[in-house]
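Show me the folded form of this:
(4 chains)
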Protein chains: 2
Amino acid sequence: MKLQVLTIHENQKVQKLIIRGIRDLINYKNLEPGDKLPSERMLSEKFNVSRSNVREAIQKLEFYGLLKSKPQSGTFVANIGVTAMNGMIEDILRLDEPDFKSLVETRILLELKTARLAALRRTEEDLKSMEEALQAYNKKVMNGEDAVQEDLLFHLAIAKASGNSTMNTFMLIIIPGIITNFQKHHVCDAGLAQRGIRDHQAIFDAIQDKNPQLAKQKMKEHFKELYNYCYNLE
Amino acid sequence: MKLQVLTIHENQKVQKLIIRGIRDLINYKNLEPGDKLPSERMLSEKFNVSRSNVREAIQKLEFYGLLKSKPQSGTFVANIGVTAMNGMIEDILRLDEPDFKSLVETRILLELKTARLAALRRTEEDLKSMEEALQAYNKKVMNGEDAVQEDLLFHLAIAKASGNSTMNTFMLIIIPGIITNFQKHHVCDAGLAQRGIRDHQAIFDAIQDKNPQLAKQKMKEHFKELYNYCYNLE
DNA sequence: ATTTTAGGATTGGTAAACCAAATTTTAAGT
DNA sequence: ACTTAAAATTTGGTTTACCAATCCTAAAAT
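Reported below is the predicted structural model:
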């Protein structure tokens, strides 16, 4: 049936078409939370696409918590109403790749909080992980090597110590975009790394001392240059 | 080869096995950013699993920005170093379903910021969307109906108006979990809804007046009860 | 020696066939 | 009539086969 491989762009278009189709179906058939969607085979026939495409689209909506597939049984509308469903799908369709500024803005917001929470909740094990990450970073910087990765792993250790799994996940999602953009824009040049050692130590100490205010403050200072840099980007 | 359908739990185990395998492979073969992974067929043979399983695992690592598949070419190690790769995979394997407290904590953090940003950046179109969501919520509450969905769509409209696509995405990820937990714990009972109308109006007004401080303040007040509720959960 | 080109091998993507669990329908038993 | 059991159908998941784009090799042309 399909005679040529689709580009990524074309594939996205097909997926959006299917997602819109599913949304319309839910509206047209007045499907309530818990109701069953037509089978993947029927959907693929109805939308005139392959079953693989349908499965991909369903997986995406499953990721955003809107559908739930049960093996050998069917795909079901999640336990959030039709209104929320429509609003969310509209937004999901509109989503595009995040820009660097948006990533950094969100990162700073998250990390001021994780630093504070880590100071409140860190265990001895958390401290150990953070210290290891700290040492790895210092060692690289001392040798004059690039240490972007070790830098971010230290920050990730703080996120883990915050005891908030959602923020930890969000940091994981953000980090790759941060790293690649850092390399692209050459953010971490010059003496920034040397200063990073002192900054990190101050943050670590505050968390170790269980001083949330100070931890947040030190993290804020650490981000000061980055903040200014990113707000002057374009 | 495979003779029975795997439970979700078993499937997760297989996926983690493959992810660990890929990590070990990258380390053992000293694969650098940009290098090509063995083909899906070879991986499935090496790990003694189906190619579908391999593809799922690769998709997951692609979501977290660690790999990148190119059609008819291969799967490549993303442009972040081995160190970050190892650290992140370790954390990804450890991730579990977020708890309600973690969701609410993150939501409040995000929304205090989106309210502030929306007051700074909202367009006339944003205002219109927010007002529509506001009206839908009010109408439901006036009729004594449950309005959890309309409530969250208003908050989502604010996130959209913040002009930060990352925070917008994160709100979308959080919302379904919030809704289901709200229903489970009966958070939105009683006169909370009536108060919600006034709260929302105050937030909207502040954003319309481009008053970021006030917008954040009103959002904070709006969350006060929710905040206390969730911190006393267990 | 270098570049070009052609053919075969490799690759991720896709379509189709197949599986067993779950569901529905049907029929048998009481 | 109602309950129970069994057979047929439907379903998402899985495996297999296939496709065209890409990559690799090496021979041919300059």
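
Can you give me the end-to-end span of stretch A:24-37?
12 Å (Cα to Cα, to the nearest Å).

quick one, helices of chain A?
Here chain A has its helices, by DSSP state H, at A:8-28, A:40-46, A:51-63, A:82-94, A:100-121, A:124-142, A:148-161, A:165-185, A:192-208, A:212-231.

hey, which of these is tucked in deepest?
helix A:148-161 (a mean of 25; mean count of other Cβ atoms under 10 Å in any protein chain shown). All C-beta atoms are positioned from the backbone trio N, CA, C, and that covers glycine.

Run through who's touching it.
A:110-111, A:114-115, A:117-118, A:121-123, A:126-127, A:129-130, A:132-134, A:136-137, A:140, A:167-168, A:171-172, A:175, A:178-179, A:182-183, A:188, A:196, A:200, A:203, A:207, B:80-81, B:83-84, B:87-88, B:91 (Cβ atoms under 8 Å, 6 or more residues apart in numbering or on different chains).

Let me see the mean pLDDT of that helix.
In this model, helix A:148-161 has an average pLDDT of 96.

Count the residues that sit near the residue in chain A positioned nearest to DNA strand D.
The nearest approach of chain A to DNA strand D comes at residue A:39, 3.3 Å away (Cβ to the nearest atom of the strand). Neighbours of residue A:39 under the rule other Cβ atoms under 10 Å in any protein chain shown: 13.

ok, and the closest non-adjacent residue to it?
Distances taken as Cβ to Cβ, 6 or more residues apart in numbering or on different chains put residue A:74 closest to residue A:39, at 6.7 Å, once the chain neighbours are dropped.

What count of nearby residues applies to that neighbour?
Residue A:74 is flanked by 14 other residues according to other Cβ under 10 Å.

what's the spacing between it and residue B:33?
To residue B:33, residue A:74 is 42 Å away according to Cβ to Cβ, to the nearest Å.

Now do the same contact list for the nearest residue in space to residue A:219 that is not next to it in sequence.
Leaving aside its chain neighbours, residue A:219 sits nearest to residue A:115 (4.1 Å; criterion: Cβ to Cβ, 6+ apart). When contacts are counted by Cβ under 8 Å, 6+ apart, residue A:115 touches A:158, A:162, A:203, A:206-207, A:212, A:215-216, A:218-219.

possible to save the helices of chain A as TSV with distance to DNA strand C?
Shown next, in TSV, are those (distance: least, Cβ to the nearest atom of the strand, whole Å):
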stretch	distance to DNA strand C
helix A:8-28	5
helix A:40-46	8
helix A:51-63	5
helix A:82-94	19
helix A:100-121	24
helix A:124-142	31
helix A:148-161	24
helix A:165-185	18
helix A:192-208	36
helix A:212-231	32
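
would you list those helices in a markdown table and tack on distance to residue B:52?
Converted to a markdown table, these look like this (distance: least, Cβ to Cβ, whole Å):
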| stretch | distance to residue B:52 |
| --- | --- |
| helix A:8-28 | 18 |
| helix A:40-46 | 15 |
| helix A:51-63 | 11 |
| helix A:82-94 | 25 |
| helix A:100-121 | 32 |
| helix A:124-142 | 35 |
| helix A:148-161 | 30 |
| helix A:165-185 | 24 |
| helix A:192-208 | 43 |
| helix A:212-231 | 41 |
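
Minimum distance to residue B:57: which of the ones you listed has it?
helix A:51-63 (13.9 Å; Cβ to Cβ).

which secondary structure elements does the closest one contact?
Other helices and strands packing on helix A:51-63, by 3 or more Cβ pairs under 8 Å, 6 or more residues apart in numbering or on different chains; DSSP states H and E, are helix A:8-28, helix A:40-46, strand A:67-70, helix A:82-94.

the domain parsing of chain A - what is it?
Using automatic domain parsing, the domains assigned to chain A come out as A:8-94, A:100-231.

among those domains, which is nearest residue B:68?
domain A:100-231 (10.1 Å).

Quick check: residues of chain A near DNA strand D?
Counting by Cβ under 7 Å from any atom of the strand, chain A comes close to DNA strand D at A:3-5, A:37-42, A:55, A:69-75.

ok, back up a step: need the helices and strands packed on helix A:51-63 in JSON lines (columns: distance to residue B:97).
Listed next are the helices and strands packed on helix A:51-63 as JSON lines, based on distance: least, Cβ to Cβ, whole Å:
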{"stretch": "helix A:8-28", "distance to residue B:97": "24"}
{"stretch": "helix A:40-46", "distance to residue B:97": "25"}
{"stretch": "strand A:67-70", "distance to residue B:97": "14"}
{"stretch": "helix A:82-94", "distance to residue B:97": "19"}
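
Can you pull up the most central residue in chain A?
residue A:173 (2.7 Å; Cα atoms, centre = their mean).
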